[in-house]
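# show me how the following folds:
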Amino acid sequence: MTTRESAPARELTETIANPATLRRSVAAGAVGVFVHWFDWAAYAYLASTIASVFFPAGDATAGLLAVFGVFAVSFGIRPVGALVFGPLGDRIGRKRTLSIVIFMMSGATLAIGLLPDYSKIGIAAPLLLVFLRLFQGFAAGGEFGSAASFLAEFAPRRRRGFGVSWLEVGSLLGFLAGSFVFLLLSVGLSDAQLTSWGWRIPFLIAAPLGIVGFVVRNKIEDTPEYRTLEATDNVPRSPVRELFRNNKKQLLQAAGLMTMMHVPFYAVLTYLVTYETDYLGHSAGNAALLSTVISLVGLVLVPVFGRLSDRVGRRPVLLGAGIALFVLATPAYLLMGTGLIGTWIGGLALGVVLSAILGTYAVWSAEIFPTRTRQGGLSIAYNLTAALFAGTVPYLMTVLISATGSTLVPGPYLMVAAVIGLIAAFSLRETAGNPLLQEEDLAGEHTEA
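Residues are numbered from 1 along each chain as shown. All right, here's what the predicted structure looks like:
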């Protein structure tokens, strides 16, 4: 693909946005992932309580497995949402799909918070919970692609990595906020109060957050690149067909980068708590504290690495992160087995590497797709790899450790993810600073040479 930018593209994309507009665009892009991860953290931490509320009493383990099963199903439905909302954003605009998905996600979250429990409506309670989580997952399938496309196309080209990195800052903030609310509920309420009504609070809080996000997204105009497609009558009629006909290579490359992100994200920020308590013998408090510190480190470092990729390029940062993940993964878990201090050193080392990946993978993935199919490509690649490699991490790690008897299993698994990401990264050209809208985007539907 050529890097020549058309005259209509320059007319819109070279306009310097004022700081207020840029701040609004960042807020509009990041607020949805904040709401999504806030809900995710709340559901995960409240799993035991939700199991007792929505499933028959008597077998706590079966209830907990059912809750996590519902959680996994919501991951499985996301590729379906991606197939709907990704191409829809290429056809009707980033702004509209951003507004639609946050409205759907926050509406489903509110409904969960108001849902009667098993003692009130019997089997209808878990059935409705499953339906709402499926609805939520379906909408979430459109969130990443919409937000990443929006931020990439709104950010100034020389600071695009920094701008898009705030997508992951929103994810980490949402995760931390959900964890913090759970901590407050655990400390401030008795078990009976938490089971009776306290568990509803995080889901009810998410609703007004979603409304704020909907208002912010609805007020901001669409991206310069998409408006150029509209102004030149080049909005794709069949973005899915065009994506799979012309951009299969980019789809595979983006999927490789995202696999290298998903596996360490879930291994380090979610599964590590279980790993520490179940296999290393650390207290739940120490495990939760390390997870929180790693998230705080990410909040600081993710935009730093995003900005670094603007200065030195996407390739050096992401290749360096992938190599570091491959080299450090197993030694990090060896260190964790030496005691609490080793666990902190190993966990923080993996957290720094993860921050470099989070700061770079989304912008590079966005830049390799043409504007005509960008949102569809990002949505499908992200959610398909999430369904395959993200939600399965805790289950697969547990099975593999049980089968092998080795607590070092997560290390080699991270190494495999690193190899997949490195193969994708080595196959890609540098894109930092390149215009997103090209002559090819304005030539109508075409076949890749």
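# Val297 touches Ser355, doesn't it?
Yes: with contact defined as Cβ atoms under 8 Å, Val297 reaches Ser355; the gap is 6.6 Å. Every residue, glycine included, has its C-beta placed from N, CA and C.
# strands of the stretch 1-150 of the chain, start to end?
Using DSSP state E, counting those that start in this stretch, the stretch 1-150 of the chain contains no strands.
# so where is it shaky, pLDDT-wise?
The model of the stretch 1-150 of the chain has pLDDT under 70 over residues 1-21, 57-72.
# span of stretch 119-128 from start to end?
Terminal residues of stretch 119-128 are spaced 14 Å apart (Cα to Cα, to the nearest Å).
# where's the closest residue to Arg94 other than its chain neighbours relative to Gly89, distance?
If you skip the residues right next to it in sequence, Arg94 has Phe150 as its closest partner in space, 4.3 Å away by Cβ to Cβ, 6 or more residues apart in numbering. As for Phe150, its distance to Gly89 is 9 Å (criterion: Cβ to Cβ, to the nearest Å).
# kindly report the same for Leu194.
For Leu194, the distance to Gly89 under the criterion Cβ to Cβ works out to 39 Å.
# thinking again about what came up before, what's the burial count for the residue nearest to Arg94?
For Phe150, the number of neighbouring residues by other Cβ atoms under 10 Å comes to 32.
# over to the one 4 residues further on?
The tally of other residues near Phe154 (other Cβ under 10 Å) stands at 26.
# look at it and report its pLDDT.
At Phe154 the predicted local distance difference test score is 89.
# mind listing what the residue lying closest to it once chain neighbours are set aside touches?
Taking Cβ to Cβ, 6+ apart, and ignoring the residues beside it in sequence, Phe154 has Ser25 as its nearest neighbour in space, at 4.1 Å. Under the criterion of Cβ atoms under 8 Å, 6 or more residues apart in numbering, the contact list for Ser25 reads 17, 150-151, 154-155, 163, 220.
# quick check on those: which are buried?
By neighbour count, with 16 or more other Cβ atoms under 10 Å, the contacts of Ser25 hold 150-151, 154-155, 163, 220 as buried.
# rewinding a little: of Val297 and Ser355, which one has the most company?
When Val297 and Ser355 are compared for neighbours, Ser355 comes out ahead with 25 against 17, by other Cβ under 10 Å.
# distance of the nearest residue to the more buried one once chain neighbours are set aside relative to Leu272?
Taking Cβ to Cβ, 6+ apart, and ignoring the residues beside it in sequence, Ser355 has Leu301 as its nearest neighbour in space, at 3.8 Å. Look at Leu301 and Leu272: by Cβ to Cβ, they are 17 Å apart.
# in terms of neighbours, single out the busier of these two.
It is Leu272, of Leu301 and Leu272, that has more neighbours when counted by other Cβ under 10 Å, with 23 against 20.
# pull the residues that contact the helix or strand in which the more buried one is found.
In this assignment (DSSP states H and E), Leu272 forms part of helix 272-275. Contacting residues not belonging to helix 272-275 are listed as 284, 287-288, 290-291, 294, 336, 347, 394, 397, 407, 410 [Cβ under 8 Å, 6+ apart].
# buried residues, it. List them.
Counting neighbours by 16+ other Cβ under 10 Å, helix 272-275 gives 272-273, 275 as buried.
# could I get these as CSV with distance to Ala41?
Formatted as CSV, those follow (distance: Cβ to Cβ, whole Å):
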residue, distance to Ala41
Leu272, 14
Val273, 11
Tyr275, 18
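# okay, helices next: where are they in the stretch 201-350 of the chain?
Along the stretch 201-350 of the chain, the segments classed as helices by DSSP state H, counting those that start in this stretch run 224-231, 239-246, 248-266, 272-275, 284-312, 314-336, 340-358.
# including mean pLDDT and distance to Phe103, could these go into TSV?
What follows is the helices of the stretch 201-350 of the chain, written out as TSV (pLDDT from 0 to 100; distance: least, Cβ to Cβ, whole Å):
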stretch	mean pLDDT	distance to Phe103
helix 224-231	90	20
helix 239-246	92	22
helix 248-266	95	26
helix 272-275	85	32
helix 284-312	92	27
helix 314-336	97	33
helix 340-358	96	26
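# just name the most buried of those helices.
helix 248-266 (a mean of 23; mean count of other Cβ atoms under 10 Å).
# tell me how far that helix lies from the chain's centre.
Relative to its parent chain, helix 248-266 has a centroid offset of 12 Å by Cα atoms, centre = their mean, to the nearest Å.
# ok, now how distant is the residue nearest to Arg94 from Ala30?
In this structure, Phe150 lies at 10 Å from Ala30, with Cβ to Cβ as the measure.
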